[in-house]
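Participant: here's a sequence, model it:
(2 chains)
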Protein chains: 2
Amino acid sequence: MAVQPVAPQAANRDNRLLSVDELREQLQAVGEERYHHKHPFHLLMHEGKLSRGQLQAWALNRYYYQSIIPMKDAIILSRGPDPVFRRAWRKRVVDHDGDATSEGGVKRWIKLAEATGLDGADVRAGKGILPATRFAVNEYLNIVRSRSLLEAVASSLTELFSPQLITLRVDKLRQHYPWLSGGLDYFEARLYQAPEDSQFAVNYVHDNAQTRAEQDLAIQALRDKCDILWAQLDALYFAYVQPGWPPPGAFRVEGA
Amino acid sequence: MAVQPVAPQAANRDNRLLSVDELREQLQAVGEERYHHKHPFHLLMHEGKLSRGQLQAWALNRYYYQSIIPMKDAIILSRGPDPVFRRAWRKRVVDHDGDATSEGGVKRWIKLAEATGLDGADVRAGKGILPATRFAVNEYLNIVRSRSLLEAVASSLTELFSPQLITLRVDKLRQHYPWLSGGLDYFEARLYQAPEDSQFAVNYVHDNAQTRAEQDLAIQALRDKCDILWAQLDALYFAYVQPGWPPPGAFRVEGA
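Facilitator: Below is the predicted model of the structure:
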């Protein structure tokens, strides 16, 4: 559907199927290279060097990402022919949208955004988000719609890396931005949700990739997903840190 | 299909249909506010302050945009029920893909990229393009697929502004980067193609928007298209000018 990368970047000549441990190792290597834990915007965040306005810009833009996660999971649900798969995957939609007993991740992110001082209704409306955020996030929808179900599932696998980043982040946010402490429920929930989800997805990829070429496509989908996360932080850094040029119509930090 | 902006930004309460002159005036105002002629990357280019490597990064990334233009026009063709409309729009696919008598714009852009010193095959393969380029450009495909035909047509209307920018650019490229002079055929052709195309598209929007709300959606589509162009230059600036951080896996300027 959308135009995709021409070929997996590290095309390999070895056609042997990877074992589940080898697969996991290659997925981890993608994270080491490309996951956004190393992005300079996050480094500034964890060093306590972001202003309230910069954290607002982050919370506002990242909300757009959060808000489409249950939609992308619903797309994956809609493509899964197996009731057992759908039952397992449905959990994700519930985690984000909530149910009678839980408010869900989307609502929790709004609470985080409100803790930065933003108006929740403006955040929901996406008022002032960077076009580059929209483009990167919409690409995630393109991927889960247009590639194979295997690749769509594999693109979720940044959850292999997120618990470690979230643990560090919560610690650093409490330390450097104590006024945000009331808004961290989102992360607390993700700490137990993400490992269950990634466990399921790694096994799914291993059990359903029939060839090494399919395994490579799954690994490439994770690489592309990492790029989607990275590009969101590049855009935030460019607009709100250095050189600090939000595009026409985007959120402006007060006093900046 | 893709998630869209929540609402046109300057929702108006006046429901009167705009005349063709008023419509043209509002479209021009969008260009004044958002078209990328004012982007700092272009200003550097026109001042002769870009290095060969930075021009390579520009030519490489912009090729991805050029390469999908005839695909987006083919999508529009596929959505137009009227043979007269399709006959007029088909010209665009020919302009970019060429025919027995003309090599077409895509090929001409490759020649420009080669004039910067890049390998044409690498450029065609999209080797090293910024993920942010891919995301922004793929959003153009999302728009012409998922919005109304009217909005898809209106999103082409940056052609109202391009001849002026191209005239300036060709002049400045010849002046500051004379070694590029052999690669400028692309722009020469666009100088006569774009005005014909935008004339047709403005008239189409005027004749086919039945309500002011539809006119406003068309104007919003142009705004969103401007954002797609602007975001591509933001990403280039961030990666190759300041702070100068290409993301993992992207093209690196030699010696940088």
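Participant: show the pLDDT at the residue in the stretch 151-256 of chain A positioned nearest to chain B.
Facilitator: Among all residues of the stretch 151-256 of chain A, A:Asp227 sits closest to chain B, at 3.7 Å; criterion: CB to the nearest CB. The way it works is simple: take the backbone N, C-alpha and C, and place the C-beta from them, glycine included. Looking at A:Asp227, its pLDDT is 98.
Participant: just confirm it contacts A:Arg34, I think it does.
Facilitator: Yes - under the criterion of CB atoms under 8 Å, A:Asp227 makes contact with A:Arg34 at 6.7 Å.
Participant: mind listing the shared neighbours of those two?
Facilitator: B:Pro247, B:Pro248, B:Gly249 (CB atoms under 8 Å, 6 or more residues apart in numbering or on different chains).
Participant: in TSV: those residues, plus pLDDT.
Facilitator: Below are the shared contacts of A:Asp227 and A:Arg34 laid out as TSV (pLDDT from 0 to 100):
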residue	pLDDT
B:Pro247	96
B:Pro248	93
B:Gly249	93
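Participant: restricted to helices, list these.
Facilitator: Members of the shared contacts of A:Asp227 and A:Arg34 lying in helices (criterion: DSSP state H): none.
Participant: which of those residues come close to chain A?
Facilitator: Counting by CB under 8 Å from any CB of the partner chain, B:Pro247, B:Pro248, B:Gly249 from those sit close to chain A.
Participant: the second one touches A:Trp230, doesn't it?
Facilitator: Yes - checked against CB under 8 Å, the pair B:Pro248 and A:Trp230 is within contact range at 7.1 Å.
Participant: find residues that contact each of the two.
Facilitator: A:Arg34.
Participant: who has more neighbours, those two?
Facilitator: A:Trp230 (22 against 15; other CB atoms under 10 Å in any protein chain shown).
Participant: wait, doesn't the more buried one sit right on B:Pro131?
Facilitator: Yes - contact criterion CB under 8 Å: A:Trp230 and B:Pro131 qualify, at 7.1 Å.
Participant: look at the spatially closest residue to A:Tyr240 that is not a sequence neighbour and tell me its secondary structure.
Facilitator: Counting by CB to CB, 6 or more residues apart in numbering or on different chains, A:Ala57 is the residue found nearest to A:Tyr240 once chain neighbours are left out, at 4.6 Å. Per DSSP: H, G, I helix; E, B strand; the rest coil, the local secondary structure of A:Ala57 is helix.
Participant: what is the burial count for A:Ala57?
Facilitator: 30.
Participant: where exactly do the helices run in the stretch 101-250 of chain A?
Facilitator: All helices of the stretch 101-250 of chain A, identified by DSSP state H, counting those that start in this stretch, fall at A:105-115, A:120-125, A:131-146, A:149-154, A:162-176, A:185-208, A:212-240.
Participant: report the buried residues of stretch A:77-88.
Facilitator: Across stretch A:77-88, burial judged by 16 or more other CB atoms under 10 Å in any protein chain shown covers A:Leu77, A:Arg79, A:Gly80, A:Phe85, A:Ala88.
Participant: farthest-apart pair in those, please.
Facilitator: A:Arg79 and A:Ala88 (14.0 Å; CB to CB).
Participant: just to revisit the earlier point, need the pLDDT of the residue nearest to A:Tyr240.
Facilitator: For A:Ala57, pLDDT reads 98.
Participant: for it, list the residues it contacts.
Facilitator: The neighbourhood of A:Ala57, defined by CB under 8 Å, 6+ apart, consists of A:Leu236, A:Ala239, A:Tyr240, A:Phe251, A:Val253.
Participant: phi first, then psi, for A:Arg16.
Facilitator: phi -70, psi 140 (degrees, to the nearest 10).
Participant: sorry, back to before: kindly reformat the helices of the stretch 101-250 of chain A as TSV containing distance to B:Gln220.
Facilitator: Output for these, formatted as TSV (distance: least, CB to CB, whole Å):
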stretch	distance to B:Gln220
helix A:105-115	25
helix A:120-125	15
helix A:131-146	13
helix A:149-154	30
helix A:162-176	35
helix A:185-208	31
helix A:212-240	21
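Participant: skipping adjacent residues, who's closest to the residue most central in space within chain A in space?
Facilitator: Nearest to the geometric centre of chain A sits A:Leu229, at 5.9 Å (CA atoms, centre = their mean). The shortest distance from A:Leu229 to any non-neighbouring residue, by CB to CB, 6+ apart, is to A:His36 (4.4 Å).
Participant: do I have it right that the one you found meets A:Ile228?
Facilitator: No - with contacts counted by CB under 8 Å, A:His36 stays clear of A:Ile228, the gap being 9.4 Å.
Participant: my read is that A:Lys172 contacts A:His46, right?
Facilitator: Yes - taking CB under 8 Å as the definition, A:Lys172 is a contact partner of A:His46 at 4.3 Å.
Participant: which of the contacts of A:Ala57 are buried, as a PyMOL select command?
Facilitator: Entered in PyMOL, the line below selects the buried ones among those, by 16+ other CB under 10 Å:
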select buried, chain A and resi 236+239+240+251+253
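Participant: and of the contacts of A:Ala57, the nearest to B:Leu191?
Facilitator: Closest approach to B:Leu191 among these (CB to CB): A:Ala239, at 33.0 Å.
Participant: now do the contacts for that closest one.
Facilitator: By CB under 8 Å, 6+ apart, A:Ala239 lies in contact with A:Ala57, A:Leu130, A:Trp245, A:Pro246, A:Pro247, A:Ala250, B:Asp234.
Participant: cool, and A:Leu27?
Facilitator: A:Leu157, A:Leu160, A:Val202, A:Ile219, A:Leu222.
Participant: can you pull the buried residues of the helix or strand it falls within?
Facilitator: Taking DSSP states H and E as the definition, A:Leu27 sits inside helix A:20-34. Within helix A:20-34, the residues scored as buried using 16+ other CB under 10 Å are A:Leu23, A:Arg24, A:Gln26, A:Leu27, A:Val30, A:Gly31, A:Arg34.
Participant: from the residues you listed, pick the one nearest chain B.
Facilitator: Proximity of these to chain B (CB to the nearest CB) peaks at A:Arg34, which lies at 4.7 Å.
Participant: once you drop chain neighbours, what's closest to the closest one?
Facilitator: Closest residue to A:Arg34 apart from its sequence neighbours, by CB to CB, 6+ apart: A:Cys226 at 3.7 Å.
Participant: how about the residues of the stretch 101-250 of chain A by chain B?
Facilitator: Contact residues, the stretch 101-250 of chain A versus chain B (CB under 8 Å from any CB): A:125-127, A:130-132, A:134-139, A:141-142, A:145, A:223-224, A:226-228, A:230-231, A:234-235, A:237-239, A:242-243, A:245, A:247-249.
Participant: how much space between A:Val106 and chain B?
Facilitator: Noted for A:Val106: a distance of 13 Å to chain B, by CB to the nearest CB, to the nearest Å.
Participant: low-confidence ranges in the stretch 51-200 of chain A?
Facilitator: By pLDDT under 70, the stretch 51-200 of chain A has no low-scoring segment.
Participant: which element is the residue lying closest to A:Gly255 once chain neighbours are set aside on?
Facilitator: Leaving aside its sequence neighbours, A:Gly255 sits nearest to A:Gly53 (CB to CB, 6+ apart; 7.3 Å). Using DSSP H and E, the element containing A:Gly53 is helix A:52-79.
Participant: residues in contact with the closest residue to A:Phe135 other than its chain neighbours?
Facilitator: Leaving out its chain neighbours, the residue that sits closest to A:Phe135 by CB to CB, 6+ apart is B:Phe135, at 4.0 Å. Listed by CB under 8 Å, 6+ apart, the contact set of B:Phe135 reads A:Ala132, A:Phe135, A:Ala136, A:Asn138, A:Glu139, A:Ile228, A:Ala231.
Participant: and those residues, which of them are buried?
Facilitator: By neighbour count, with 16+ other CB under 10 Å, the contacts of B:Phe135 hold A:Ala132, A:Phe135, A:Ala136, A:Asn138, A:Glu139, A:Ile228, A:Ala231 as buried.
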